[in-house]
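Visitor: here you go, sequence then predicted model.
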Amino acid sequence: MAEKEGLFEIEKWVSERQLPKGKRRKKDYRDRKTEQYVFDIPTLETLYKFSKKGIIKALGGPVSQGKESVIFHAIGGEDEELAIKMYKINTAHFNAMIDYISGDPRFEPLRKDRRSVIYTWAQKEYKNLKRATEAGVRVPRPIACDKNVLIMEFIGKEGIAAPRLHDLPADMLKADVELEELFLRLISAIKTLYEKGMLVHADLSEFNIVMKGYVERELQTRAPAGAEIALEPVLIDMGQSLLVSHPHAERYLKRDVQNLTVFFRKHGLAYSEEEVMQMIQGAERAAESSQRAYRGLGKG
């Protein structure tokens, strides 16, 4: 739960961190825990700005961390649960980020120093999430973005993040959902993202799909009430997503499809990549896409 993560008032916390040396209050466990993941003064200033605007009321502990970023649980101005994604300035692989940003007219010209690239990457994920949401694809709803800080809807409940598709035991998944229905629902999301959002996820796999509803069901068992909670797949991590006009979009679309077909094939669902590409693009377009993807992969 949020209380167990040590939620505290962000405005007060940020202000106290800026006190002159020798005048700061004695640090407690919340500071020590959080300082492992908060990176620099500009990030703190950005959080402070969001708190002054009433977007963030309280900041909790990290719920997820990777090579590029850390995601914190937070409480918004209307007591809603938020996820705050903070991209790491010093350790993020910004050269790889450049490859996904270059060629996108939304971010040209691109300054290629580390901090500028990471700030652009955060804006790219924000805009991609917004595009996907407007197209009707289920992703975390974006709320605000500034510098390396992205604020969005928290997928989960009471500070507990929804599990990734990869993390669910096969027997549990098969007992809870109709696998073919789930697979086709995901393919439909890719198609909608492609046709209406004009985007390709470009890193879609069982690691970047979370299942909303599992946490809510678990909490409901502790205090049974109301109707059964439905399970819903949510696509996450869209910083690398590309416009369909990007020269490498077709190649990454094919890779997304391959990742999903391989995962579901392990669960006994036999769809070929060619079939799925036809579902998304139509037979003629899928054949053209396959040829372009093949030539692109051949170039390394």
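Guide: Cool, got the structure.
Visitor: for the helix or strand hosting residue 62, which positions count as buried?
Guide: Residue 62 belongs to strand 56-65 when elements are defined using DSSP states H and E. Residues 56, 57, 58, 59, 60, 61, 62, 63 are the ones in strand 56-65 that count as buried (16 or more other CB atoms under 10 Å). Placement of C-beta: from N, CA and C, glycine included.
Visitor: go on, stretch 44-57?
Guide: Counting neighbours by 16+ other CB under 10 Å, stretch 44-57 gives 44, 46, 47, 48, 49, 50, 51, 55, 56, 57 as buried.
Visitor: confidence-wise, which of the residues you listed comes last?
Guide: The member of those with the lowest pLDDT is residue 44, at 86.
Visitor: can you tell me the element that one falls in?
Guide: Secondary structure from DSSP H and E places residue 44 in helix 41-52.
Visitor: now that helix, how far from the centre of its chain.
Guide: 21 Å (CA atoms, centre = their mean, to the nearest Å).
Visitor: ok, now stretch 205-212?
Guide: Distance of stretch 205-212 from its chain centroid, counting by CA atoms, centre = their mean, is 10 Å.
Visitor: ok, stretch 51-58 next?
Guide: The answer for stretch 51-58 is 21 Å, by CA atoms, centre = their mean.
Visitor: quote the end-to-end distance of that stretch.
Guide: Terminal residues of stretch 51-58 lie 8 Å apart, using CA to CA, to the nearest Å.
Visitor: same question for stretch 158-174.
Guide: 26 Å.
Visitor: could you give me the average pLDDT of that stretch?
Guide: The model assigns stretch 158-174 a mean pLDDT of 94.
Visitor: any idea which of the buried residues of strand 56-65 is closest to residue 211?
Guide: Ranked by distance to residue 211 (CB to CB), the buried residues of strand 56-65 are led by residue 63 at 15.3 Å.
Visitor: if we can go back for a sec, tell me what the strand holding residue 62 is packed against?
Guide: With contacts taken as 3 or more CB pairs under 8 Å, 6 or more residues apart in numbering; DSSP states H and E, strand 56-65 sits against strand 8-9, helix 10-17, helix 29-35, helix 41-52, strand 69-76, strand 81-87, strand 160-161.
Visitor: relative to strand 69-76, how tilted is it?
Guide: Interaxial angle of strand 56-65 relative to strand 69-76 (axes from the mean of the first three to the mean of the last three CA atoms, to 10 degrees): 150 degrees.
Visitor: what angle do strand 56-65 and strand 81-87 make?
Guide: Using the same axes, to 10 degrees: strand 56-65 against strand 81-87 is 60 degrees.
Visitor: strand partners (parallel or antiparallel) of strand 56-65?
Guide: strand 8-9 (antiparallel), strand 69-76 (antiparallel) (DSSP bridges).
Visitor: look up how far residue 194 lies from residue 200.
Guide: Separation of residue 200 from residue 194 (CB to CB, to the nearest Å): 6 Å.
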